[in-house]
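S.K.: 3D, please:
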Amino acid sequence: MPATIAIAATSTLGYMGILIGPALIGYISHYTGLELCLILLGVLTFSTIFMVTPVYASLSKK
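M.R.: Prediction:
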């Protein structure tokens, strides 16, 4: 992927996260409670640590 397209895609995903993230957290916490929602958010954030190594390994093979 060319650098210009990668930068545009990353910026788009970042803006989507900023706009959709708080609304999604509020929607989920409305049904499960804020504490459980924030715990889930922490678990999902922590799980990205384990996804980085396989993705980076697959990209470096190309």
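S.K.: The strand or helix carrying residue 15 packs against which elements?
M.R.: Here residue 15 is covered by helix 3-32, with elements defined by DSSP states H and E. Counting contacts by 3 or more CB pairs under 8 Å, 6 or more residues apart in numbering; DSSP states H and E, helix 3-32 is packed against helix 34-61. Quick note: C-beta positions are derived from backbone N, CA and C, even for glycine.
S.K.: Name the residues of the helix it packs on that are buried.
M.R.: By 16 or more other CB atoms under 10 Å, the buried positions in helix 34-61 come out as residue 37.
S.K.: for it, packing partners?
M.R.: Using 3+ CB pairs under 8 Å, 6+ apart as the test, helix 34-61 ends up in contact with helix 3-32.
S.K.: List the buried residues of the helix it packs on.
M.R.: 28-29.
S.K.: returning to that earlier point: just how off-centre is the helix holding residue 15 within its chain?
M.R.: Centroid displacement of helix 3-32 relative to its chain, using CA atoms, centre = their mean, to the nearest Å, is 7 Å.
S.K.: tell me the mean pLDDT over that helix?
M.R.: Average pLDDT, helix 3-32: 93.
S.K.: between it and helix 34-61, how big is the angle?
M.R.: Counting by axes from the mean of the first three to the mean of the last three CA atoms, to 10 degrees, helix 3-32 lies at 160 degrees to helix 34-61.
S.K.: gap between residue 42 and residue 35?
M.R.: 11 Å (CB to CB, to the nearest Å).
S.K.: pretty sure residue 40 is touching residue 31, no?
M.R.: No. Assessed by CB atoms under 8 Å, residue 40 is found out of contact with residue 31, at 11.7 Å.
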